[in-house]
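Student: Take a look and give me a structure for this.
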Amino acid sequence: MDKPRETPLSILLFSAALVAATLTARAVRAEPPILRLAMEREPATLDWHAAQTEEDRYLISFFMRGLLKYDGSGTPVCDLCSSYETKNNGTKYVFRLRADTRWSDGVELEASHFVDAFKRLLDPKNRFPASGDFSMILGPSGARSAIRATSAQTLEFELSNPSALFPHLLTSVAAFPIRREIRPGKAHATQAVLGPYFLGDWERGKKIVIEGNPEFSGIRPVYRVDFFVGSHPEQVEKYRHGRVDILPNPSTEDLLQLQPRNLVVSSYWSSRVLSFNLKSPQSKNPALRRAILRALDRESLPAVLKNGEKRTTGLIPPGIPGYRELPLVSADPAIAKTERARLGGTPITLTLIAEDRRPNHLVVQWLQDRLKVLDLRVDARLLAVAEFKKIMRSGAYDVALQTHTLSLATPVELLKTWTGIHPGYDSLFESFLKETRPDESQKNLDRMTQIAETEEVLAIPLGFPTQPFLLGPRVNRFGMTPFGDPDLVKIELKSGTPSTNSEMSR
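Tutor: Residues are numbered from 1 along each chain as shown. Okay, here's the model as predicted:
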(Lines give C-alpha, C1' and ligand atoms only; values in the text may rest on other atoms or scores of the structure.)
Protein backbone atom coordinates (compact mmCIF):
# COMPACT_ATOMS: atom_id res chain seq x y z
CA MET A 1 0.00 0.00 0.00
CA ASP A 2 1.39 3.35 -1.04
CA LYS A 3 1.97 5.97 1.62
CA PRO A 4 0.11 9.27 1.11
CA ARG A 5 2.40 11.85 -0.34
CA GLU A 6 3.38 14.68 2.00
CA THR A 7 2.69 18.21 0.82
CA PRO A 8 5.87 20.27 0.80
CA LEU A 9 5.96 23.07 3.40
CA SER A 10 6.54 25.69 0.71
CA ILE A 11 3.25 24.78 -0.99
CA LEU A 12 1.40 24.97 2.32
CA LEU A 13 2.87 28.38 3.04
CA PHE A 14 2.04 29.58 -0.48
CA SER A 15 -1.55 28.33 -0.17
CA ALA A 16 -1.97 30.01 3.21
CA ALA A 17 -0.61 33.25 1.82
CA LEU A 18 -2.94 33.04 -1.17
CA VAL A 19 -5.96 32.49 1.05
CA ALA A 20 -4.93 35.38 3.31
CA ALA A 21 -4.44 37.67 0.34
CA THR A 22 -7.83 36.71 -1.07
CA LEU A 23 -9.54 37.37 2.27
CA THR A 24 -7.73 40.69 2.62
CA ALA A 25 -8.76 41.77 -0.87
CA ARG A 26 -12.35 40.81 -0.14
CA ALA A 27 -12.22 42.75 3.13
CA VAL A 28 -10.89 45.84 1.36
CA ARG A 29 -13.58 45.60 -1.30
CA ALA A 30 -16.26 45.04 1.34
CA GLU A 31 -15.16 47.97 3.49
CA PRO A 32 -17.80 50.72 3.40
CA PRO A 33 -16.56 53.81 1.53
CA ILE A 34 -15.38 56.69 3.71
CA LEU A 35 -15.75 60.28 2.54
CA ARG A 36 -13.33 62.84 3.98
CA LEU A 37 -14.50 66.45 4.19
CA ALA A 38 -12.81 69.66 5.31
CA MET A 39 -14.68 71.64 7.99
CA GLU A 40 -13.34 75.06 8.99
CA ARG A 41 -15.90 75.73 11.76
CA GLU A 42 -17.44 72.96 13.82
CA PRO A 43 -21.00 73.05 15.19
CA ALA A 44 -21.83 74.87 18.41
CA THR A 45 -24.54 72.33 19.28
CA LEU A 46 -26.30 69.24 17.93
CA ASP A 47 -29.53 70.06 19.79
CA TRP A 48 -31.96 70.66 16.93
CA HIS A 49 -34.07 73.05 19.00
CA ALA A 50 -31.06 75.19 19.96
CA ALA A 51 -29.39 75.17 16.51
CA GLN A 52 -28.37 78.61 15.21
CA THR A 53 -25.29 78.31 12.99
CA GLU A 54 -25.05 76.93 9.47
CA GLU A 55 -22.78 74.17 10.79
CA ASP A 56 -25.36 73.19 13.43
CA ARG A 57 -28.13 72.89 10.87
CA TYR A 58 -25.95 71.12 8.32
CA LEU A 59 -24.93 68.17 10.50
CA ILE A 60 -28.30 67.85 12.22
CA SER A 61 -30.01 67.61 8.83
CA PHE A 62 -28.19 64.31 8.19
CA PHE A 63 -29.02 62.91 11.63
CA MET A 64 -32.70 63.75 11.53
CA ARG A 65 -35.77 64.18 9.33
CA GLY A 66 -39.04 66.04 9.67
CA LEU A 67 -42.65 65.76 8.64
CA LEU A 68 -41.91 67.59 5.40
CA LYS A 69 -38.91 68.13 3.13
CA TYR A 70 -38.26 70.13 -0.05
CA ASP A 71 -38.53 68.58 -3.49
CA GLY A 72 -36.34 69.75 -6.36
CA SER A 73 -38.48 72.82 -6.97
CA GLY A 74 -38.49 74.03 -3.36
CA THR A 75 -42.00 72.78 -2.61
CA PRO A 76 -42.65 71.15 0.81
CA VAL A 77 -43.62 67.49 0.38
CA CYS A 78 -44.02 64.54 2.76
CA ASP A 79 -40.94 63.03 4.36
CA LEU A 80 -41.86 61.27 7.61
CA CYS A 81 -45.55 61.60 6.82
CA SER A 82 -47.43 59.54 4.25
CA SER A 83 -50.00 62.30 3.69
CA TYR A 84 -51.38 65.49 5.17
CA GLU A 85 -54.38 67.74 4.71
CA THR A 86 -55.52 71.19 5.77
CA LYS A 87 -58.91 71.94 7.28
CA ASN A 88 -60.88 74.87 8.72
CA ASN A 89 -59.72 77.35 6.08
CA GLY A 90 -56.06 76.51 6.60
CA THR A 91 -55.98 76.72 10.39
CA LYS A 92 -55.80 72.95 10.99
CA TYR A 93 -53.19 70.50 9.66
CA VAL A 94 -53.59 66.72 9.99
CA PHE A 95 -50.54 64.51 9.33
CA ARG A 96 -50.47 60.73 8.99
CA LEU A 97 -47.05 59.22 9.65
CA ARG A 98 -45.36 56.53 7.58
CA ALA A 99 -46.07 53.18 9.16
CA ASP A 100 -42.62 51.69 8.56
CA THR A 101 -40.36 54.36 10.09
CA ARG A 102 -38.06 53.42 12.97
CA TRP A 103 -35.41 55.26 14.93
CA SER A 104 -31.85 53.98 14.62
CA ASP A 105 -32.27 52.02 17.88
CA GLY A 106 -35.28 50.16 16.45
CA VAL A 107 -38.03 52.11 18.23
CA GLU A 108 -41.02 52.91 16.01
CA LEU A 109 -41.68 56.57 15.25
CA GLU A 110 -44.89 57.85 16.85
CA ALA A 111 -46.88 61.07 16.68
CA SER A 112 -46.18 61.63 20.37
CA HIS A 113 -42.49 62.17 19.53
CA PHE A 114 -43.52 65.29 17.59
CA VAL A 115 -45.82 66.45 20.39
CA ASP A 116 -42.95 66.13 22.89
CA ALA A 117 -40.65 68.01 20.53
CA PHE A 118 -42.98 70.97 20.02
CA LYS A 119 -43.80 71.21 23.72
CA ARG A 120 -40.07 71.51 24.42
CA LEU A 121 -39.50 73.96 21.55
CA LEU A 122 -42.35 76.25 22.55
CA ASP A 123 -41.78 76.16 26.31
CA PRO A 124 -40.86 79.79 27.15
CA LYS A 125 -38.51 78.62 29.90
CA ASN A 126 -36.20 77.13 27.27
CA ARG A 127 -35.88 80.35 25.22
CA PHE A 128 -35.07 78.59 21.99
CA PRO A 129 -34.42 81.12 19.18
CA ALA A 130 -36.62 79.22 16.71
CA SER A 131 -39.67 79.15 18.97
CA GLY A 132 -40.88 82.54 17.75
CA ASP A 133 -41.11 81.24 14.19
CA PHE A 134 -43.86 78.84 15.28
CA SER A 135 -45.99 81.40 17.13
CA MET A 136 -48.94 80.66 14.82
CA ILE A 137 -49.50 77.34 16.64
CA LEU A 138 -49.74 79.05 20.00
CA GLY A 139 -53.44 79.85 20.04
CA PRO A 140 -55.40 81.29 22.99
CA SER A 141 -55.39 77.92 24.73
CA GLY A 142 -51.65 77.42 24.38
CA ALA A 143 -49.37 74.78 22.86
CA ARG A 144 -50.75 71.80 24.77
CA SER A 145 -54.08 71.84 22.99
CA ALA A 146 -52.71 73.23 19.69
CA ILE A 147 -50.63 70.09 19.03
CA ARG A 148 -52.20 66.66 19.52
CA ALA A 149 -51.42 63.03 18.78
CA THR A 150 -54.88 61.61 18.09
CA SER A 151 -53.35 58.17 17.48
CA ALA A 152 -49.89 56.63 17.27
CA GLN A 153 -49.71 57.61 13.59
CA THR A 154 -51.85 60.78 13.43
CA LEU A 155 -50.72 64.28 14.41
CA GLU A 156 -52.80 67.48 14.44
CA PHE A 157 -51.79 71.14 14.58
CA GLU A 158 -54.21 74.02 15.17
CA LEU A 159 -53.05 77.46 14.03
CA SER A 160 -54.24 80.81 15.28
CA ASN A 161 -54.48 81.99 11.66
CA PRO A 162 -53.79 80.61 8.16
CA SER A 163 -50.09 80.63 7.32
CA ALA A 164 -48.40 79.94 4.01
CA LEU A 165 -45.14 79.78 5.94
CA PHE A 166 -46.12 76.87 8.20
CA PRO A 167 -45.36 73.99 5.75
CA HIS A 168 -41.94 75.53 5.07
CA LEU A 169 -41.19 75.70 8.80
CA LEU A 170 -41.93 71.99 9.12
CA THR A 171 -38.88 71.28 6.90
CA SER A 172 -36.56 73.04 9.37
CA VAL A 173 -34.39 71.34 11.99
CA ALA A 174 -36.38 72.97 14.81
CA ALA A 175 -39.42 70.91 13.76
CA PHE A 176 -37.69 67.53 14.10
CA PRO A 177 -39.10 65.04 16.65
CA ILE A 178 -37.40 63.96 19.86
CA ARG A 179 -37.42 61.05 22.26
CA ARG A 180 -37.91 62.69 25.64
CA GLU A 181 -36.13 59.85 27.49
CA ILE A 182 -32.88 60.70 25.62
CA ARG A 183 -30.81 63.79 26.40
CA PRO A 184 -31.02 66.30 23.51
CA GLY A 185 -27.96 67.11 21.46
CA LYS A 186 -24.91 64.88 21.19
CA ALA A 187 -26.48 61.97 23.08
CA HIS A 188 -29.59 61.99 20.87
CA ALA A 189 -27.47 62.23 17.70
CA THR A 190 -25.53 59.18 18.88
CA GLN A 191 -28.29 56.97 20.31
CA ALA A 192 -31.46 57.65 18.29
CA VAL A 193 -31.74 59.30 14.86
CA LEU A 194 -34.04 59.12 11.84
CA GLY A 195 -31.73 60.39 9.10
CA PRO A 196 -29.13 58.55 7.02
CA TYR A 197 -26.36 58.95 9.63
CA PHE A 198 -25.74 58.95 13.37
CA LEU A 199 -22.88 60.55 15.30
CA GLY A 200 -20.00 58.11 15.60
CA ASP A 201 -17.41 60.30 17.29
CA TRP A 202 -16.65 63.96 17.98
CA GLU A 203 -13.14 64.95 18.94
CA ARG A 204 -13.63 68.67 19.43
CA GLY A 205 -11.35 70.85 17.40
CA LYS A 206 -10.10 67.88 15.37
CA LYS A 207 -12.61 65.48 13.83
CA ILE A 208 -16.30 64.54 13.63
CA VAL A 209 -17.29 61.08 12.41
CA ILE A 210 -20.78 60.17 11.24
CA GLU A 211 -21.79 56.61 10.28
CA GLY A 212 -24.70 54.98 8.46
CA ASN A 213 -27.98 54.53 10.33
CA PRO A 214 -28.86 50.82 9.93
CA GLU A 215 -32.60 51.60 10.00
CA PHE A 216 -32.42 54.16 7.19
CA SER A 217 -33.94 52.78 3.98
CA GLY A 218 -33.18 55.68 1.62
CA ILE A 219 -30.23 56.29 -0.68
CA ARG A 220 -26.84 56.69 1.01
CA PRO A 221 -23.89 56.11 -1.38
CA VAL A 222 -21.32 56.87 1.33
CA TYR A 223 -21.49 54.84 4.53
CA ARG A 224 -19.20 56.96 6.67
CA VAL A 225 -18.07 60.60 6.59
CA ASP A 226 -15.10 62.03 8.48
CA PHE A 227 -15.08 65.82 8.92
CA PHE A 228 -11.63 67.20 9.63
CA VAL A 229 -11.77 70.45 11.61
CA GLY A 230 -9.10 73.07 10.99
CA SER A 231 -8.20 76.43 9.52
CA HIS A 232 -8.33 76.98 5.79
CA PRO A 233 -4.52 76.73 5.31
CA GLU A 234 -4.58 73.42 7.21
CA GLN A 235 -7.38 72.12 4.99
CA VAL A 236 -5.50 73.15 1.83
CA GLU A 237 -2.49 71.10 2.98
CA LYS A 238 -4.72 68.09 3.68
CA TYR A 239 -6.22 68.39 0.20
CA ARG A 240 -2.77 68.77 -1.36
CA HIS A 241 -1.67 65.48 0.22
CA GLY A 242 -4.86 63.61 -0.58
CA ARG A 243 -6.21 63.50 2.98
CA VAL A 244 -9.52 65.22 2.29
CA ASP A 245 -11.73 64.55 -0.73
CA ILE A 246 -13.60 67.87 -0.89
CA LEU A 247 -12.20 71.33 -0.14
CA PRO A 248 -14.76 74.15 0.20
CA ASN A 249 -14.17 77.80 -0.66
CA PRO A 250 -10.78 77.59 -2.40
CA SER A 251 -9.25 81.03 -2.95
CA THR A 252 -7.72 82.22 -6.20
CA GLU A 253 -4.29 81.57 -4.67
CA ASP A 254 -5.33 78.01 -3.79
CA LEU A 255 -6.39 77.37 -7.39
CA LEU A 256 -3.11 78.71 -8.76
CA GLN A 257 -1.07 76.55 -6.38
CA LEU A 258 -3.09 73.34 -6.55
CA GLN A 259 -3.99 73.50 -10.26
CA PRO A 260 -7.06 71.33 -9.68
CA ARG A 261 -8.70 69.21 -12.34
CA ASN A 262 -12.16 69.24 -10.82
CA LEU A 263 -13.57 72.57 -9.61
CA VAL A 264 -17.32 72.76 -9.02
CA VAL A 265 -19.09 76.10 -8.57
CA SER A 266 -22.77 76.00 -7.58
CA SER A 267 -25.40 78.57 -6.75
CA TYR A 268 -27.43 78.34 -3.55
CA TRP A 269 -30.16 80.23 -1.69
CA SER A 270 -28.07 83.19 -0.60
CA SER A 271 -27.86 86.96 -0.99
CA ARG A 272 -24.98 89.34 -0.26
CA VAL A 273 -26.37 92.55 1.22
CA LEU A 274 -25.17 95.89 2.59
CA SER A 275 -27.55 96.69 5.46
CA PHE A 276 -27.92 100.11 7.07
CA ASN A 277 -28.29 100.67 10.80
CA LEU A 278 -31.00 103.30 10.81
CA LYS A 279 -30.36 104.03 14.49
CA SER A 280 -26.90 105.39 13.77
CA PRO A 281 -26.53 109.17 13.25
CA GLN A 282 -24.92 108.64 9.84
CA SER A 283 -27.09 105.95 8.27
CA LYS A 284 -30.43 107.34 9.38
CA ASN A 285 -30.02 110.10 6.78
CA PRO A 286 -31.82 108.89 3.59
CA ALA A 287 -29.63 111.10 1.38
CA LEU A 288 -26.56 109.14 2.50
CA ARG A 289 -28.25 105.83 1.72
CA ARG A 290 -29.38 107.02 -1.71
CA ALA A 291 -25.90 108.39 -2.49
CA ILE A 292 -24.27 105.03 -1.72
CA LEU A 293 -26.90 103.12 -3.73
CA ARG A 294 -26.27 105.23 -6.83
CA ALA A 295 -22.48 105.22 -6.41
CA LEU A 296 -22.10 101.43 -6.54
CA ASP A 297 -21.70 99.85 -9.97
CA ARG A 298 -22.80 96.48 -8.64
CA GLU A 299 -22.38 94.71 -11.96
CA SER A 300 -18.59 95.05 -11.51
CA LEU A 301 -18.42 93.12 -8.22
CA PRO A 302 -18.40 89.55 -9.64
CA ALA A 303 -15.26 90.40 -11.66
CA VAL A 304 -13.57 91.59 -8.46
CA LEU A 305 -14.44 88.49 -6.46
CA LYS A 306 -13.53 86.03 -9.26
CA ASN A 307 -15.38 83.22 -7.51
CA GLY A 308 -18.37 82.75 -9.79
CA GLU A 309 -20.66 85.11 -7.87
CA LYS A 310 -23.75 86.10 -9.83
CA ARG A 311 -24.61 89.76 -10.35
CA THR A 312 -27.42 91.01 -8.18
CA THR A 313 -30.91 91.78 -9.41
CA GLY A 314 -32.44 92.34 -5.96
CA LEU A 315 -32.58 91.10 -2.40
CA ILE A 316 -34.23 87.77 -3.19
CA PRO A 317 -31.96 85.10 -4.75
CA PRO A 318 -32.82 82.80 -7.67
CA GLY A 319 -35.05 79.85 -6.84
CA ILE A 320 -36.99 81.78 -4.18
CA PRO A 321 -40.43 83.39 -4.73
CA GLY A 322 -40.00 87.10 -5.41
CA TYR A 323 -36.78 86.79 -7.44
CA ARG A 324 -36.64 89.22 -10.33
CA GLU A 325 -34.59 89.13 -13.53
CA LEU A 326 -33.52 92.80 -13.58
CA PRO A 327 -32.50 95.25 -10.81
CA LEU A 328 -34.82 98.12 -9.85
CA VAL A 329 -32.05 100.74 -10.17
CA SER A 330 -28.51 100.95 -11.51
CA ALA A 331 -25.48 103.10 -10.73
CA ASP A 332 -25.75 106.81 -11.57
CA PRO A 333 -22.75 108.96 -10.53
CA ALA A 334 -24.61 112.22 -11.13
CA ILE A 335 -27.47 111.28 -8.79
CA ALA A 336 -24.92 110.00 -6.26
CA LYS A 337 -23.14 113.38 -6.22
CA THR A 338 -26.42 115.27 -5.92
CA GLU A 339 -27.46 113.21 -2.90
CA ARG A 340 -24.00 113.59 -1.37
CA ALA A 341 -24.26 117.38 -1.72
CA ARG A 342 -27.33 117.31 0.51
CA LEU A 343 -25.06 116.11 3.32
CA GLY A 344 -22.69 119.10 3.11
CA GLY A 345 -19.00 119.13 2.22
CA THR A 346 -17.66 117.64 5.44
CA PRO A 347 -15.89 114.27 5.03
CA ILE A 348 -17.94 111.39 6.44
CA THR A 349 -16.60 108.20 8.02
CA LEU A 350 -18.79 105.11 8.13
CA THR A 351 -18.13 102.19 10.45
CA LEU A 352 -18.68 98.97 8.52
CA ILE A 353 -18.71 95.54 10.15
CA ALA A 354 -18.42 92.17 8.44
CA GLU A 355 -17.49 88.61 9.26
CA ASP A 356 -13.83 87.85 8.69
CA ARG A 357 -14.20 85.75 5.55
CA ARG A 358 -12.00 85.92 2.47
CA PRO A 359 -14.65 87.26 0.02
CA ASN A 360 -15.59 90.01 2.48
CA HIS A 361 -12.06 91.43 2.35
CA LEU A 362 -12.45 91.95 -1.41
CA VAL A 363 -15.96 93.39 -1.09
CA VAL A 364 -14.78 95.87 1.55
CA GLN A 365 -11.94 97.05 -0.70
CA TRP A 366 -14.39 97.40 -3.58
CA LEU A 367 -16.71 99.51 -1.40
CA GLN A 368 -13.88 101.72 -0.16
CA ASP A 369 -12.65 102.40 -3.69
CA ARG A 370 -16.09 103.39 -4.98
CA LEU A 371 -17.20 105.53 -2.06
CA LYS A 372 -14.04 107.59 -1.70
CA VAL A 373 -15.03 109.59 -4.81
CA LEU A 374 -17.96 110.87 -2.69
CA ASP A 375 -15.60 111.73 0.18
CA LEU A 376 -17.06 108.82 2.15
CA ARG A 377 -14.48 106.91 4.16
CA VAL A 378 -15.25 103.33 5.15
CA ASP A 379 -13.69 102.21 8.44
CA ALA A 380 -14.03 98.43 8.11
CA ARG A 381 -13.94 95.95 10.99
CA LEU A 382 -13.67 92.31 9.94
CA LEU A 383 -14.72 90.22 12.92
CA ALA A 384 -15.07 86.69 14.19
CA VAL A 385 -18.64 85.41 13.93
CA ALA A 386 -19.44 85.76 17.64
CA GLU A 387 -18.09 89.31 17.79
CA PHE A 388 -19.94 90.28 14.61
CA LYS A 389 -23.25 89.10 16.06
CA LYS A 390 -22.54 90.88 19.33
CA ILE A 391 -21.94 94.22 17.62
CA MET A 392 -25.00 93.72 15.40
CA ARG A 393 -27.10 93.38 18.55
CA SER A 394 -25.47 96.40 20.21
CA GLY A 395 -26.01 98.68 17.21
CA ALA A 396 -22.48 100.13 17.38
CA TYR A 397 -22.03 100.38 13.60
CA ASP A 398 -23.30 102.29 10.56
CA VAL A 399 -23.45 99.60 7.88
CA ALA A 400 -23.08 95.81 7.94
CA LEU A 401 -21.92 93.55 5.15
CA GLN A 402 -23.92 90.34 5.43
CA THR A 403 -24.43 87.13 3.51
CA HIS A 404 -27.94 85.86 4.15
CA THR A 405 -28.18 82.13 3.56
CA LEU A 406 -31.79 81.02 3.53
CA SER A 407 -32.77 77.81 5.33
CA LEU A 408 -36.28 77.83 3.85
CA ALA A 409 -37.52 78.14 0.26
CA THR A 410 -39.25 81.41 1.10
CA PRO A 411 -37.88 84.96 1.49
CA VAL A 412 -39.42 85.38 4.97
CA GLU A 413 -36.10 84.97 6.84
CA LEU A 414 -34.44 87.57 4.62
CA LEU A 415 -37.25 90.12 4.58
CA LYS A 416 -37.79 89.86 8.33
CA THR A 417 -34.38 91.55 8.73
CA TRP A 418 -35.86 94.98 7.91
CA THR A 419 -39.04 94.84 9.99
CA GLY A 420 -39.57 97.36 12.76
CA ILE A 421 -38.28 100.25 10.64
CA HIS A 422 -41.02 101.27 8.20
CA PRO A 423 -44.73 100.95 9.12
CA GLY A 424 -45.82 100.26 5.55
CA TYR A 425 -43.17 97.59 5.17
CA ASP A 426 -44.22 95.94 8.44
CA SER A 427 -47.87 95.87 7.37
CA LEU A 428 -46.97 94.21 4.07
CA PHE A 429 -44.77 91.68 5.87
CA GLU A 430 -47.59 90.69 8.24
CA SER A 431 -49.95 90.30 5.29
CA PHE A 432 -47.39 88.20 3.46
CA LEU A 433 -47.10 85.79 6.40
CA LYS A 434 -50.84 85.13 6.36
CA GLU A 435 -51.49 85.29 2.62
CA THR A 436 -52.08 81.90 0.95
CA ARG A 437 -52.96 83.21 -2.54
CA PRO A 438 -49.84 83.20 -4.78
CA ASP A 439 -50.79 86.32 -6.75
CA GLU A 440 -51.39 88.39 -3.63
CA SER A 441 -48.20 87.08 -2.05
CA GLN A 442 -46.23 88.20 -5.11
CA LYS A 443 -47.75 91.69 -4.91
CA ASN A 444 -46.69 91.97 -1.27
CA LEU A 445 -43.17 90.80 -2.13
CA ASP A 446 -42.87 93.34 -4.94
CA ARG A 447 -43.90 96.22 -2.69
CA MET A 448 -41.65 95.15 0.18
CA THR A 449 -38.57 94.91 -2.03
CA GLN A 450 -39.34 98.29 -3.63
CA ILE A 451 -39.50 99.89 -0.19
CA ALA A 452 -36.35 98.15 1.05
CA GLU A 453 -34.23 98.61 -2.08
CA THR A 454 -35.20 101.96 -3.61
CA GLU A 455 -37.83 104.01 -1.75
CA GLU A 456 -36.26 103.88 1.72
CA VAL A 457 -32.96 102.13 0.83
CA LEU A 458 -32.97 99.99 3.96
CA ALA A 459 -30.43 97.71 2.32
CA ILE A 460 -28.45 97.43 -0.90
CA PRO A 461 -28.26 93.98 -2.56
CA LEU A 462 -24.73 93.35 -3.82
CA GLY A 463 -24.69 89.86 -5.32
CA PHE A 464 -25.76 86.24 -5.24
CA PRO A 465 -22.86 84.22 -3.80
CA THR A 466 -21.85 80.86 -5.21
CA GLN A 467 -20.08 78.03 -3.45
CA PRO A 468 -16.90 76.63 -5.01
CA PHE A 469 -15.56 73.17 -4.13
CA LEU A 470 -12.41 71.35 -5.13
CA LEU A 471 -13.06 67.64 -5.64
CA GLY A 472 -10.33 65.08 -5.08
CA PRO A 473 -9.65 62.14 -7.41
CA ARG A 474 -11.78 59.75 -5.29
CA VAL A 475 -15.02 61.68 -5.90
CA ASN A 476 -17.09 60.24 -8.73
CA ARG A 477 -20.33 62.21 -8.31
CA PHE A 478 -21.03 65.43 -6.42
CA GLY A 479 -24.19 67.17 -5.27
CA MET A 480 -24.92 70.25 -3.19
CA THR A 481 -27.85 71.18 -0.97
CA PRO A 482 -29.78 74.40 -1.75
CA PHE A 483 -28.07 75.83 1.35
CA GLY A 484 -24.56 75.66 -0.14
CA ASP A 485 -23.27 72.48 1.54
CA PRO A 486 -22.13 69.11 0.15
CA ASP A 487 -25.17 66.80 -0.06
CA LEU A 488 -23.95 63.58 1.53
CA VAL A 489 -26.70 61.45 -0.01
CA LYS A 490 -25.70 62.59 -3.52
CA ILE A 491 -21.92 62.22 -3.28
CA GLU A 492 -20.46 59.02 -4.65
CA LEU A 493 -16.88 57.75 -4.48
CA LYS A 494 -15.12 55.95 -7.28
CA SER A 495 -15.00 52.20 -6.94
CA GLY A 496 -11.67 50.58 -6.21
CA THR A 497 -10.39 53.46 -4.08
CA PRO A 498 -11.35 52.48 -0.53
CA SER A 499 -10.23 54.71 2.29
CA THR A 500 -8.93 52.64 5.18
CA ASN A 501 -8.75 53.62 8.79
CA SER A 502 -4.97 53.79 8.54
CA GLU A 503 -5.32 56.39 5.80
CA MET A 504 -7.68 58.42 7.95
CA SER A 505 -5.28 58.65 10.85
CA ARG A 506 -2.43 60.20 8.90
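Student: Helix, strand, or coil at S280?
Tutor: Three-state secondary structure (criterion: DSSP: H, G, I helix; E, B strand; the rest coil) places S280 in coil.
Student: Would you mind measuring from it to L315?
Tutor: Distance of S280 to L315, computed by C-beta to C-beta, to the nearest Å: 21 Å. Yep, even glycine has a C-beta here, placed from its N, CA and C like the rest.
Student: Likewise for N88?
Tutor: Distance of N88 to L315, given as C-beta to C-beta: 34 Å.
Student: More neighbours: which of those two?
Tutor: Summary of the neighbour comparison: N88 and L315, criterion other C-beta atoms under 10 Å, with L315 having more neighbours (27 against 10).
Student: And that one, how far from E54?
Tutor: Note on L315: its distance to E54, by C-beta to C-beta, is 19 Å.
Student: now swap in A380 and tell me
Tutor: When A380 is compared with E54 (using C-beta to C-beta), they lie 23 Å apart.
Student: all helices for the stretch 1-150 of the chain, in order.
Tutor: Listed from the start of the chain, the stretch 1-150 of the chain has helices (DSSP state H, counting those that start in this stretch) covering 9-30, 54-63, 111-122, 143-146.
Student: worst average pLDDT in those?
Tutor: With a mean of 37, helix 9-30 has the lowest mean pLDDT of the helices of the stretch 1-150 of the chain.
Student: OK, contacts around the closest residue to V457 other than its chain neighbours?
Tutor: By the measure of C-beta to C-beta, 6 or more residues apart in numbering, the closest residue to V457 outside its immediate chain neighbours is R289, 3.8 Å from it. Shown here is R289, whose contacts under the criterion C-beta atoms under 8 Å, 6 or more residues apart in numbering are 276, 283, 456-458, 460.
Student: same question, I137
Tutor: The neighbours of I137, taking C-beta under 8 Å, 6+ apart as the test, are 118, 122, 143, 146-147, 157-160, 166.
Student: now it: how far from V373?
Tutor: For I137, the distance to V373 equals 52 Å [C-beta to C-beta].
Student: re the thing from before, would you show me how to pick out the buried ones of the contacts of I137 in PyMOL?
Tutor: What follows is the PyMOL syntax for the buried subset of the contacts of I137, where burial is set by 16 or more other C-beta atoms under 10 Å:
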select buried, resi 118+122+143+146+147+157+158+159+166
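Student: how about the contacts of I137 in TSV, adding distance to P327?
Tutor: Shown next, in TSV, are the contacts of I137 (distance: C-beta to C-beta, whole Å):
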residue	distance to P327
F118	41
L122	40
A143	43
A146	42
I147	43
F157	39
E158	42
L159	36
S160	38
F166	32
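Student: Looking at the contacts of I137, which is nearest F198?
Tutor: In terms of C-beta to C-beta, no member of the contacts of I137 lies closer to F198 than F118, at 22.9 Å.
Student: for the closest residue to the closest one other than its chain neighbours, which residues make a bridge with it?
Tutor: The spatially closest residue to F118, leaving aside those adjacent along the chain, is I147, at 4.9 Å (C-beta to C-beta, 6+ apart). Listed beta-bridge partners, I147: F157 (assigned using DSSP bridges).
Student: Please list all residues in contact with I147.
Tutor: Taking C-beta under 8 Å, 6+ apart, we find I147 in contact with 114-115, 118-119, 137, 155-158.
Student: One more: V94?
Tutor: When contacts are counted by C-beta under 8 Å, 6+ apart, V94 touches 84-87, 154-156.
Student: so which pair among the residues you listed is furthest apart in space?
Tutor: Maximum pairwise distance in the contacts of V94, criterion C-beta to C-beta, is 14.6 Å, between T86 and T154.
Student: pull the helix or strand with minimum mean pLDDT from this protein.
Tutor: The element with the least model confidence among the helices and strands of the chain, by mean pLDDT, DSSP states H and E, is helix 9-30, at a mean of 37.
Student: Now do the domain split for the protein, please.
Tutor: When the chain is parsed into structural domains using automatic domain parsing, the resulting residue ranges are 65-176, 189-267+467-504, 270-464.
Student: Give the rounded mean pLDDT of the longest one.
Tutor: So the one you mean is domain 270-464. Mean per-residue pLDDT for domain 270-464: 94.
Student: Quote the end-to-end distance of that domain.
Tutor: Domain 270-464 stretches 6 Å from its first residue to its last (C-alpha to C-alpha, to the nearest Å).
Student: what's V329 in contact with, if anything?
Tutor: If you count contacts by C-beta under 8 Å, 6+ apart, V329 has them with 293-294, 453-454.
Student: Leaving out the residues flanking it, which one is nearest to R179?
Tutor: A192 (5.3 Å).
Student: related to what we said a few turns ago, settle it for me: which of A380 and E54 has more neighbours?
Tutor: The residue with more neighbours, out of A380 and E54 and counting by other C-beta under 10 Å, is A380; that gives 19 against 15.
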